[in-house]
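Asker: generate coordinates for the sequence data below:
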Amino acid sequence: MNDHHSRADKRTDTEQITDLRDLRRGDCVLFGDRTRPLTVVGLGERHQQLGEQELVTPLVRVRGEWDGAVDVVLTPVCKRLGEDHASVVLEEREQIIACEGGNLSKGREVDVERVDASANESAVCEASA
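Answerer: Numbering: from 1, shown residues only. The predicted structure is shown next:
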C-alpha cells in the first residue's frame, strides 16, 4: 500500500477535490502531508489579466483550529500557453497549489481532499464563526 492510501485510511472518509469551486465555507479539507483537517474559512476569486483576456480562478482560504495554525490559500495552477505574443493565452489547470500566508507567488502542488468529519469522531474540524 502506498503512502497516500495509508494516510487516507488513517484520516477518515475523504472525497478528492479537483475543482476548488466545489468547496463551501465550513468544509474540512486535508492536503499534502497534513493529518489534521483544516476548515474552509473564505472563498474568493483571483483575476489575472493577459492582454484582452481575463482569467478568473477560485481562491480558497483554509485555517487549522489550533494554536499557531497558519492560513493557507488554495488556488489552481495557471499556465500561459502559446508560442508568440499574439497567440498567448492563460489556462486554468487541474493542479492545485497551497500557498502559506497568502503569498500566491510561492506555493507547492497538493492533492486536496474534503473530509467527512462526521464519519470519524477523531477528525475534528470546527467551522469558524
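
Asker: can you give me the distance of the spatially most central residue of the chain to Ile96?
Answerer: Central residue of the chain (CA atoms, centre = their mean): Leu74, 3.3 Å from the mean position. With distances defined as CB to CB, to the nearest Å, the gap from Leu74 to Ile96 amounts to 6 Å. C-beta here means a position set from N, CA and C on the backbone, and glycine is covered the same way.

Asker: how about the residue nearest to the centre of the chain, nearest residue that isn't a chain neighbour?
Answerer: The shortest distance from Leu74 to any non-neighbouring residue, by CB to CB, 6 or more residues apart in numbering, is to Val60 (4.4 Å).

Asker: related to what we said a few turns ago, what is in contact with Leu74 and Ile96 at once?
Answerer: 20, 31, 110, 112 (CB atoms under 8 Å, 6 or more residues apart in numbering).

Asker: wait, which of those residues is closest to Gly51?
Answerer: Leu20 (25.2 Å; CB to CB).

Asker: next, count neighbours for the closest one.
Answerer: Look at Leu20: counted by other CB atoms under 10 Å, it has 19 neighbours.

Asker: so it sits against Val60, correct?
Answerer: Yes: when contacts are counted by CB atoms under 8 Å, Leu20 is listed as touching Val60 (5.0 Å).

Asker: and the spatially closest residue to Asp111 that is not a sequence neighbour, how far is that from Ala69?
Answerer: Spatial nearest neighbour of Asp111, chain neighbours left out: Phe31 (6.3 Å); criterion: CB to CB, 6+ apart. Using CB to CB, Phe31 is found at 14 Å from Ala69.

Asker: out of the two, which sits in the more crowded spot?
Answerer: Set side by side, Phe31 and Ala69 show more neighbours around Phe31, with 19 against 13, by other CB under 10 Å.

Asker: if I look at that one, how far off is Gly64?
Answerer: Here Phe31 is placed at a distance of 12 Å from Gly64 (CB to CB).

Asker: could you do Cys78 as well?
Answerer: Going from Cys78 to Gly64 by CB to CB gives 26 Å.
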